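*Asks:* Build the 3D model from these lines:
(chains A and B)
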Amino acid sequence: MTGVPRSSQMPATPSRSAVSMRVLLSNEFGLTALIALTAVVFALTLEGFTSPFSLFAMGRQIGIDTMIGLAMMAVIVTGGLDLSVGAIGVCAAMTFGWLAQTKGVPVLPSVVLAVLLGGGLGFINGFAVVKSGVHSFIITLASMSIFFGIMVFLTKAAAYNGLPAEVSAFGKFKFFKTISPLLLISVASCIGLALLYRFTVLGRQMLAAGANARAAELSGIRTGRVIVACHILTGLLAAMAGLLVVARTGAAVPSMAGQLGQDWLLPAFLAPVLGGTLLSGGRVSVLGTLLGATFVNVLTSGLLLMQVGSFWILAILGSMLLAAVFTDRARQVFLKSRGMI
Amino acid sequence: MKTIIKAAAGLLMGAVFAAPVFADVKTKVALVPGGPHPYFAAWEKAGADAMKDFQLGAADYKVPAKWELAQQSQLLESLLTQGYNSFLIFPGDAVGTTSVAQELVDNGANVIATAGCLKDPSPALFCLGTDTGNSAYLGAKELIRAMGGKGRIAHFTGFLVDPNTQLRIDAVQKAADETNGAVKVVQVIADIDAPQPAEEKINAYLAANANNIDGIITTAWVPAVVAANSLRKIGDKRIKMVGIDHDEVVIKAIDDGFVDGTMLQNPYGQGYVGSYVLDKIRSGCKLKADAPWKSNALTTKFVDSGTVFADAKAAPTYVNAMVGITKDLKDKFDKDFLACP
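*Replies:* Numbering: from 1, shown residues only, chains lettered A, B, ... in the order given. Below is the predicted model:
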């Protein structure tokens, strides 16, 4: 977990037991334990849970959900949010489809251009937020409809299903019969983001701007630029998520994220919030986002195998999001009362 | 911490190797719509009847919680893991569902696109559904007959993203054009196959224009129910109406004289005969190369599951009509489509 202290006074050097307590109370530890526990229980009790196909499908979905979660996490860092992640993802996917299928552009340049488009759409969001001073909720609510509407107008809602064969081959490829490359791309992105937040000036500035924008401004950080950078990062990651879905379906489909891209909103919030990213900004957990997406998918997969109705699974996921917010609040209160934060 | 992780990993590995191996060879059919919709409710009984009549291992109706491509894909992957080896699928997207259908086939399962088609090329054996254009055309002809061969028609229909919708619009227009101007389609309201938009738009239209139209045709389930209710509420038996499907509200409105008839589709037959054909294919039957396939906008391997007009005389016994066309459909498969050893 990466963050900046919210109090002006740094806590004294913590004792070893205090550090252990903090580890035990961390989201990452809790999620790791939960994942291990649920995975073991499901593996022992459910037929097929550990079959190669099941593990592959689970890993592939974890890869996609993690990337969607990272896209939202990148803007939650500043205390903002982006409701247009799904719309950006679909726009990037359709742009990729148009380039690779209609224009005959090779796959790799098409990927780069589609991701850059995502970054561009993120820039529009960030620029509008900073220049207008309106909360990102309103700006991205509007841009979600605008981006999606323009995409439908330009493509006439027609899918691209004649993509080069290597696109769907990539989505179906298996390392050791079980590991999807989509998962590996997400893990690599997690590593990149962790390095960004921990070791780069820009990353630290993003966290500082999210923790206390006024203090960051007084420290010489140009928070407006930082917020725009966060939205660009969100756009880039949302575009990558869109391309992962294209690899999975082997086609660029306008409905891949539902009407206006709204189907992505639950996984977008669920993974980072479960993982310990603060909705108020200033603290981020890249590992937690990966673990959050993993837990959600392990649980979903197990519940589906138990033949629990899809309606109940949706209710359980919604409840988990609420529980994660309350648990985080309780942990904060507890750690504060022990002088650990 | 390390000890806990090692222990969890050990347990998981143990569970992986202790997991039972699935070895069921009976036909297990999953009937999976794109999401919840009353049209598909008949699939549940169709599956249960098929399981009993053809001694299948299972024929279960499984509904995704939402009309969301990712949810349907995840459910299908889970059902494959659970040992289902035969699938009747209403594609959540005519292109986007192809990839997951291909994975099912790659893992030894058979797939029939049911009630809606996958776009060619697809791994589905064929598409079994209503010839929507023909059904709408026949319904419009019945309506024109009820109107005395002249007047103004309003057409209420389904989602524009559904390729069937345009076919229905064109078919109703074609029937009107054949009257040489005696009948005009004065209004087409689409995108309303859900309660909220249907209530809003149909009621608003009838409030303003009930006196300006002589007939209503509905070519989607929810608009049929809402329009039937509206005519009952305003007590108007002057306006002639032909609906679609067999919702109780529509059947009752036919009984009471507010609706002139309905175009029955055959969801029961799709589920029942589809399950039968999948079992036959698993037991070694092949599809004849010279089978009389029809074509539509999506595929060249289409089989019409049948449609029949039910008026006030036929409405009380509409179940018999559905049983009749189901029997005809099964006989047609035995005679024209299946080559069994």
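*Asks:* For the stretch 51-200 of chain A, what lies in contact range of chain B?
*Replies:* Within the stretch 51-200 of chain A, the positions adjacent to chain B are A:51, A:53-54, A:57, A:61, A:64, A:157, A:159, A:161, A:168, A:171-172 by CB under 8 Å from any CB of the partner chain. Placement of C-beta: from N, CA and C, glycine included.
*Asks:* who touches the residue nearest the centre of chain A in this structure?
*Replies:* In chain A, the C-alpha nearest the mean C-alpha coordinate belongs to A:G69, at 1.4 Å (CA atoms, centre = their mean). Residues near A:G69 by CB atoms under 8 Å, 6 or more residues apart in numbering or on different chains: A:267-268, A:270-272, A:275, A:289, A:292-293.
*Asks:* That one: helix or strand, and which one exactly?
*Replies:* Per DSSP states H and E: A:G69 is located in helix A:52-76.
*Asks:* Which positions in that helix come out as buried?
*Replies:* Residues of helix A:52-76 classed as buried: A:53-76 (neighbour count, 16 or more other CB atoms under 10 Å in any protein chain shown).
*Asks:* picking that back up, do you know how far the residue nearest to the centre of chain A is from B:Y268?
*Replies:* Going from A:G69 to B:Y268 by CB to CB, to the nearest Å gives 42 Å.
*Asks:* residue boundaries of the helices in the chain?
*Replies:* Unless you meant another one, I'm taking chain A. A:16-25, A:27-45, A:52-76, A:85-97, A:107-132, A:136-155, A:165-172, A:181-199, A:201-211, A:213-218, A:223-249, A:265-275, A:286-305, A:310-337 (DSSP state H).
*Asks:* not quite, I wanted chain B
*Replies:* B:2-18, B:42-54, B:69-81, B:98-106, B:132-146, B:163-177, B:195-209, B:221-234, B:248-255, B:267-282, B:318-332.
*Asks:* Low-confidence stretches in the stretch 1-150 of chain B?
*Replies:* For the stretch 1-150 of chain B, the stretches with pLDDT under 70 are B:1-24.
*Asks:* just to revisit the earlier point, closest to chain B among the contacts of A:G69?
*Replies:* Looking at the contacts of A:G69 and their distance to chain B, the nearest is A:P267, at 8.6 Å (CB to the nearest CB).
*Asks:* tell me the contacts of the closest residue to the closest one other than its chain neighbours?
*Replies:* The shortest distance from A:P267 to any non-neighbouring residue, by CB to CB, 6 or more residues apart in numbering or on different chains, is to A:D65 (4.5 Å). By CB under 8 Å, 6+ apart, the residues touching A:D65 are A:267, A:270-271, A:293, A:296-297.
*Asks:* Any figure for the gap between B:A140 and B:A198?
*Replies:* In terms of CB to CB, B:A140 sits 20 Å off from B:A198.
*Asks:* before we move on, back to that, quick check: which of the helices of chain B is buried the most?
*Replies:* helix B:267-282 (a mean of 26; mean count of other CB atoms under 10 Å in any protein chain shown).
*Asks:* Can I get that helix as PDB, trimmed to CA atoms?
*Replies:* Extracted C-alpha coordinates of helix B:267-282, given in PDB (Å, rounded to 0.1, in the frame of the first residue of the first chain):
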ATOM      1  CA  PRO B 267     -40.100 -20.800 -27.200                       C
ATOM      2  CA  TYR B 268     -41.200 -24.100 -25.700                       C
ATOM      3  CA  GLY B 269     -40.500 -25.900 -28.900                       C
ATOM      4  CA  GLN B 270     -37.100 -24.300 -29.200                       C
ATOM      5  CA  GLY B 271     -36.100 -25.600 -25.800                       C
ATOM      6  CA  TYR B 272     -37.700 -29.000 -26.200                       C
ATOM      7  CA  VAL B 273     -36.700 -29.800 -29.700                       C
ATOM      8  CA  GLY B 274     -33.300 -28.100 -29.300                       C
ATOM      9  CA  SER B 275     -32.500 -30.400 -26.300                       C
ATOM     10  CA  TYR B 276     -33.700 -33.400 -28.400                       C
ATOM     11  CA  VAL B 277     -31.400 -32.500 -31.300                       C
ATOM     12  CA  LEU B 278     -28.400 -31.900 -29.100                       C
ATOM     13  CA  ASP B 279     -28.900 -35.400 -27.600                       C
ATOM     14  CA  LYS B 280     -29.200 -36.900 -31.000                       C
ATOM     15  CA  ILE B 281     -26.000 -35.300 -32.100                       C
ATOM     16  CA  ARG B 282     -24.200 -36.500 -29.000                       C
END
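*Asks:* Packing partners of it?
*Replies:* strand B:28-32, helix B:42-54, strand B:58-61, strand B:86-89, strand B:110-114, strand B:127-129, helix B:318-332 (3 or more CB pairs under 8 Å, 6 or more residues apart in numbering or on different chains; DSSP states H and E).
*Asks:* closest one to A:R283 among those?
*Replies:* Distance to A:R283, taken as CB to CB, is lowest for strand B:28-32 among these, at 41.3 Å.
*Asks:* strand partners of the closest one, parallel vs antiparallel please.
*Replies:* strand B:58-61 (parallel), strand B:86-89 (parallel) (DSSP bridges).
*Asks:* Now do it: everything it contacts.
*Replies:* Contacts of strand B:28-32 (CB under 8 Å, 6+ apart): B:40, B:43-44, B:46-47, B:50-51, B:56-64, B:72, B:75-76, B:79, B:83-90, B:114, B:271, B:274-275, B:278-279.
*Asks:* now swap in stretch A:292-299 and tell me
*Replies:* Residues contacting stretch A:292-299 (CB under 8 Å, 6+ apart): A:27, A:31, A:34-35, A:38-39, A:42, A:58, A:61-62, A:65-66, A:69, A:267, A:270-275, A:316-317, A:320.
*Asks:* Same question for stretch A:260-269.
*Replies:* Counting by CB under 8 Å, 6+ apart, A:65, A:68-69, A:71-72, A:83-90, A:144-145, A:147-148, A:241, A:257-258, A:293, A:296, A:317-318, A:321, B:66, B:68-70 sit against stretch A:260-269.
*Asks:* buried ones in that stretch?
*Replies:* A:260-261, A:263-269.
*Asks:* For the contacts of A:D65, pick the one with the most neighbours.
*Replies:* The residue in those with the most neighbours, by other CB atoms under 10 Å in any protein chain shown, is A:A271 (31 neighbours).
*Asks:* From A:A252, how far off is A:L236?
*Replies:* Applying CB to CB to A:L236 and A:A252 gives a distance of 18 Å.
*Asks:* B:A94: what's it in contact with?
*Replies:* By CB under 8 Å, 6+ apart, B:A94 lies in contact with A:159, B:116-119, B:163, B:298.
*Asks:* hang on, the earlier thing: as a markdown table, the contacts of A:D65 with pLDDT would be great.
*Replies:* Listed next are the contacts of A:D65 as a markdown table, based on pLDDT from 0 to 100:
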| residue | pLDDT |
| --- | --- |
| A:P267 | 89 |
| A:L270 | 89 |
| A:A271 | 91 |
| A:A293 | 94 |
| A:V296 | 91 |
| A:N297 | 92 |
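*Asks:* and those residues as a markdown table, adding distance to B:V242?
*Replies:* Listed next are those as a markdown table, based on distance: CB to CB, whole Å:
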| residue | distance to B:V242 |
| --- | --- |
| A:P267 | 43 |
| A:L270 | 46 |
| A:A271 | 49 |
| A:A293 | 49 |
| A:V296 | 47 |
| A:N297 | 47 |
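*Asks:* And these, which is closest to A:I221?
*Replies:* The closest of the contacts of A:D65, once distances to A:I221 are taken by CB to CB, is A:A271, at 27.5 Å.
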